[in-house]
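**Q** sequence and predicted structure below; questions after.
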Amino acid sequence: MANPHRPRATDHDLAAHPVRSRWIAGLATLALAAFAGVSSPAEATEYPSWGDVQNARSSEAAKQAQIGQLTSLISALNAEVATAQALQAKRSSEFETAQIALDEANYRADKLQGQATTATQQANASQQQAGRIASSLARSGGADLSLTLLLNSGNADALLSQLGSMSKLTEHSDRVYRKAANERNSAQSLTDQARLARSILADLSQKAQTALAEATTANAALQAKLGEQQDNATTLAAQLAVLQENRQATEADFQKGEDARRAAAAAAAAAAANVGTGGGGQDSGQLSDQGWALPVSGWISDSFGPRPNKPVAGVGPFHSGTDLAAPCGRSVRAATGGTVVYAGWLGSYGNWVLVDHGNGVQTGYAHNSVIRVGVGQRVSAGEVISDAGTTGASSGCHLHFEVRVDGARIDPQPFMNARGVSLG
C-alpha cells in the first residue's frame, strides 16, 4: 500500500518545492546529453570501397593487407557494439539503483513526516486535556479546601470526600501533563528525523538525474553504433569473401550491401513514420477537465507500494508504479502534454518512455512493445506514444505507469484522481 500520510500533490504545490528548481534545471540538459557520446562525422571510421578491394587483388601482399584490414574492421565493429551494449546496460543499472535510493529515502521521509504530524496532534490533544483539568481544579477552589474543612467541621465527611476527589484530579492532571510533554518530545524527535531524511533528497535526486542523463547518452551511443554496424557489416563481409576466394566481385556481391542498406533505410523510415505521428493521433474522449488523460484502458493488476512477493525475477520488493493490464499492441497515451526525455530500452523497464511535464513532474511508461516517439519530441495530452507490451522484467502484457515528482516516484492513483482521471 502507499503511504497514507502522503498529501496529494496539486499543480500549485508542485510549483513551489525546494528541490524542484535544481531538478528542472538538470532536465534541460538531458536531450543534449543524449547525443554527447555519439561520434562526430570527423571521427567516423573510413571503410574501403569496392574499388579498393578490386585493386588489392593486383598483388598477394596487397590482397593480404586488405583482408587484414577488413577482418580488423569487422572485429572492431562487433567489439564496439558489444562495448556500447555493456555500457548501456551498466548505465541503466546505475540509474535504477540511484532511482531506488531516492524513492526509498522519499518514502521514509514521508512516513516520518506522517508520524510526526500524528504525534503533534496527539500532543496538542493531551495539552488541551490538561488545560481543561486545570480549569476544573481552579473552579473547584482546590487551594482553599483545608481552610473550608476547619470552618465547616459539621460537614467534614463531605469535605474530606471532596478533598480526596481533588487530590485524584490533581494526580490525573500531572499524568496528563507528563503525557503531553512526552508526546511533544516524541513529535519533535520525529520532526527532526523527517527533516534530516528530507535533507538528503536533493543530493539523491541529483544523483538519479545524472544517472538518467548518462543512461540516455549511452543509449544514443549504442543506437548510433548499431546503425553503423547495420550499414557496413554486410558489405565488409562480402568484400572479405571476394578477397578470400580470390575472384572478381560480381553484381550479387555489390547487391548484398545495397540490399542491407535498403532494408535498414526501410526500417528507419518505418520507425520515423511512427515517431512524430504518434501512431494514433490525439486523445479519443477521455481527457479530463484539467487536461490529463488515461494512459491506457485496462484494469489495475498491481498497485504502488511494498511487494515482498516479487512476481518477476530482477524486480525490487517495492512496486514503484501502477500496473494496468492491457493487451499487447493497445495504444498508450501521454498522461498530459510534455517533452520526451527518454525513449528506448532501459533495464527491467524494457522499452521505456519518460515524459517531462515541467514543474518537476514526469510520467513513465514501461514494458512497451513499440515506441512511437523520440527524445526531444513534444507530445500533447492523450497523444499515442507507444504500444503496450511485455518487454523487460514483465510477466504479461501490461503498462507499468509511473508518476515522478522531483525525480521520486509517487503513487499514481491519488495523483491522477486529483486531476480527474481514474486509473483502472
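**A** Received it, and whenever you're ready, just let me know what you need.
**Q** which stretches of this protein have low pLDDT?
**A** In the predicted model, the chain carries pLDDT under 70 at residues 1-44, 133-134, 136-173, 260-261, 264-265, 267-289, 310-314.
**Q** how far does stretch 406-415 stretch from one end to the other?
**A** Length of stretch 406-415, first residue to last, C-alpha to C-alpha, to the nearest Å: 14 Å.
**Q** let me redo that: stretch 196-207
**A** End-to-end span of stretch 196-207 (C-alpha to C-alpha): 18 Å.
**Q** could you pull out the buried residues of it?
**A** 197-198, 201, 204-207 (16 or more other C-beta atoms under 10 Å). No exception for glycine: its C-beta is placed from N, CA and C like everyone else's.
**Q** now do stretch 62-76
**A** Neighbour count says stretch 62-76 has 63, 66-67, 69-70, 73-74 buried, by 16+ other C-beta under 10 Å.
**Q** what ranges does this protein have for its helices?
**A** Shown for the chain, the helices assigned by DSSP state H span residues 20-27, 30-33, 50-56, 60-139, 145-151, 156-199, 201-244, 251-277, 412-417.
**Q** distance to W299 added to those, as JSON lines?
**A** Putting the helices of the chain into JSON lines (distance: least, C-beta to C-beta, whole Å) gives the following:
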{"stretch": "helix 20-27", "distance to W299": "33"}
{"stretch": "helix 30-33", "distance to W299": "33"}
{"stretch": "helix 50-56", "distance to W299": "58"}
{"stretch": "helix 60-139", "distance to W299": "25"}
{"stretch": "helix 145-151", "distance to W299": "70"}
{"stretch": "helix 156-199", "distance to W299": "35"}
{"stretch": "helix 201-244", "distance to W299": "30"}
{"stretch": "helix 251-277", "distance to W299": "27"}
{"stretch": "helix 412-417", "distance to W299": "13"}
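**Q** indicate which one of these is closest to P306.
**A** helix 60-139 (9.3 Å; C-beta to C-beta).
**Q** other SSEs contacting that closest one?
**A** Secondary structure elements in contact with helix 60-139, counted by 3 or more C-beta pairs under 8 Å, 6 or more residues apart in numbering; DSSP states H and E, are helix 50-56, helix 156-199, helix 201-244, strand 318-319, strand 408-410.
**Q** okay, the angle between it and helix 201-244?
**A** 160 degrees (axes from the mean of the first three to the mean of the last three C-alpha atoms, to 10 degrees).
**Q** what's the offset of helix 60-139 from the middle of its chain?
**A** 8 Å (C-alpha atoms, centre = their mean, to the nearest Å).
**Q** cool, and stretch 374-389?
**A** Relative to its parent chain, stretch 374-389 has a centroid offset of 16 Å by C-alpha atoms, centre = their mean.
**Q** next, the buried residues of that stretch.
**A** Buried residues in stretch 374-389, defined by neighbour count with 16+ other C-beta under 10 Å: 374-375, 377, 379-389.
**Q** do stretch 109-122 as well
**A** 109-117, 119-120, 122.
**Q** for stretch 177-191, same thing?
**A** Result for stretch 177-191 [16+ other C-beta under 10 Å]: buried residues 177, 179-180, 183-184, 186-187, 190-191.
**Q** before we move on, the earlier item: closest to W299 out of the buried residues of stretch 374-389?
**A** Of those, the one sitting nearest to W299 (C-beta to C-beta) turns out to be A388, at 13.0 Å.
**Q** distance of that closest one relative to A130?
**A** In this view, A388 and A130 are 59 Å apart by C-beta to C-beta, to the nearest Å.
**Q** same deal with A76?
**A** Per C-beta to C-beta, A76 is found 80 Å from A130.
**Q** ok, T250 next?
**A** Noted for T250: a distance of 100 Å to A130, by C-beta to C-beta.
**Q** so which of the two has more stuff around it?
**A** Set T250 next to A130 and count neighbours by other C-beta atoms under 10 Å: A130 wins out with 20 against 11.
**Q** burial measure for the closest residue in space to the more buried one that isn't next to it in sequence, as a count.
**A** Once flanking residues are discounted, A130 sits nearest to V176: 4.3 Å by C-beta to C-beta, 6 or more residues apart in numbering. By other C-beta under 10 Å, 19 other residues sit near V176.
**Q** gap between D406 and W352?
**A** Distance, D406 to W352, using C-beta to C-beta: 19 Å.
**Q** again, but for A249
**A** Counting by C-beta to C-beta, the gap from A249 to W352 is 44 Å.
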